[in-house]
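Chemist: Need coordinates for the following:
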Amino acid sequence: MKRRGDKLSMLTAYDAPSALLADRAGVELILVGDTAAMVMLGHDSTLPVTLDEMIFLTRAVTRTARRPLVVGDLPFGSYERSDEQAVASAVRLVKEGGADLVKLEGAGRMAARVRAIAESGIGVMGHVGLTPQSATRLGGFRAQGRTAASALALLDGALSLEQAGAVALVLEAVPAPVAAAISERLTVPTIGIGAGAACDGQVLVWHDLLGLYAGPTPRFVKRYAELAEEIASALESYVADVRGGSFPEPRHTYSIPDEELAGFAEALGER
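Modeler: Numbers count the residues shown, from 1 in each chain. Take a look at the predicted model:
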């Protein structure tokens, strides 16, 4: 698709129903992202989610996603310590979770992790720019590559990941011209999130796209629905119907033949 100039669509999903809908919509890639820590598990960052939790979520997604490639996110603490740790974690995401690829954040020494995982036979997606797992070190959740020196460092990091064996890269919160230059120089596809339209594909978080997440929304998010408002309205209507006695109606209940009901009543009377 990159060679043809066709754009790739990637979407996060964290459970079987969402993965099925994403599959039906025709996305090429599903990312079981560590964003689950925030949008599914209620944490205020991605850091607390564990490898076991990511495997659990990835397994749910791969039960219903048939056509898209499923990318399992390696969470913080599951790959940084050594190549051996990275390979072991990646193997678990593939073997137990059913992921087609794994993703990890960062360049620099992370190129060695990418190489080790790739040499074990597992496809790796890199992630440069704003890397949420190390956002504190980067000065917070802010765009990266906004100086000439840092833009060149991003390009060098992206090239090093490709050379190490990465099959694709996420570019997050990178100025559009910088992302365009990186995408042009890489042979593997780039997936942008807040990185402009010149990337080979785009990714959005499920809850952001559908208006389900109540937390802060980055400027690069486009909401395609406001489902939180619709869901809240539906729940309020349900509560009102239950309290008012209008639910359930007869059409929502099951019947019993008259003779069986009479026998039941007779048995009750004998007790």
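Chemist: Going along the chain, name the helices of this protein.
Modeler: In the chain, the helices defined using DSSP state H lie at 16-25, 36-39, 51-62, 83-95, 110-119, 148-164, 176-185, 206-209, 227-244, 258-270.
Chemist: Quick one: end-to-end distance for stretch 133-143.
Modeler: Start-to-end span of stretch 133-143 (CA to CA, to the nearest Å) is 14 Å.
Chemist: An error on my part: the question was meant for stretch 97-117.
Modeler: 16 Å.
Chemist: any idea of the mean pLDDT in that stretch?
Modeler: On average, the pLDDT along stretch 97-117 is 97.
Chemist: List the buried residues of that stretch.
Modeler: 97-107, 110-111, 113-117 (16 or more other CB atoms under 10 Å). All C-beta atoms are positioned from the backbone trio N, CA, C, and that covers glycine.
Chemist: cool, stretch 90-97 as well?
Modeler: By 16+ other CB under 10 Å, the buried positions in stretch 90-97 come out as Ala90, Arg92, Leu93, Val94, Gly97.
Chemist: same question, stretch 7-26
Modeler: For stretch 7-26, the neighbour count (16+ other CB under 10 Å) marks 8-16, 18-23 as buried.
Chemist: Which one of these is nearest to Val170?
Modeler: Checking the buried residues of stretch 7-26 against Val170 by CB to CB gives Met10 as the nearest, at 8.4 Å.
Chemist: so what's that closest one up against?
Modeler: Going by CB atoms under 8 Å, 6 or more residues apart in numbering, Met10 touches Val27, Glu28, Leu29, Ile30, Leu31, Val71, Ile191, Gly201, Gln202, Val203.
Chemist: mind checking the longest strand of the chain?
Modeler: Scanning the chain for the strand with the most residues, using DSSP state E, yields strand 123-129.
Chemist: about what we covered before: can you list the buried residues of stretch 90-97 in JSON lines and add distance to Pro177?
Modeler: Compiled in JSON lines, those are given as follows (distance: CB to CB, whole Å):
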{"residue": "Ala90", "distance to Pro177": "33"}
{"residue": "Arg92", "distance to Pro177": "39"}
{"residue": "Leu93", "distance to Pro177": "34"}
{"residue": "Val94", "distance to Pro177": "36"}
{"residue": "Gly97", "distance to Pro177": "37"}
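Chemist: and the two most separated of the residues you listed?
Modeler: Ala90 and Gly97 (10.2 Å).
Chemist: Please identify every residue contacting each of these two.
Modeler: Taking CB under 8 Å, 6+ apart as the contact rule, Ala90 and Gly97 have no neighbour in common.
Chemist: just to revisit the earlier point, show me the one of the helices of the chain that comes nearest His252.
Modeler: Judging the helices of the chain by CB to CB, what sits closest to His252 is helix 227-244, at 10.5 Å.
Chemist: sorry, back to before: which of the buried residues of stretch 90-97 sits closest to Leu41?
Modeler: Nearest to Leu41, judged by CB to CB, of the buried residues of stretch 90-97 is Gly97 at 16.4 Å.
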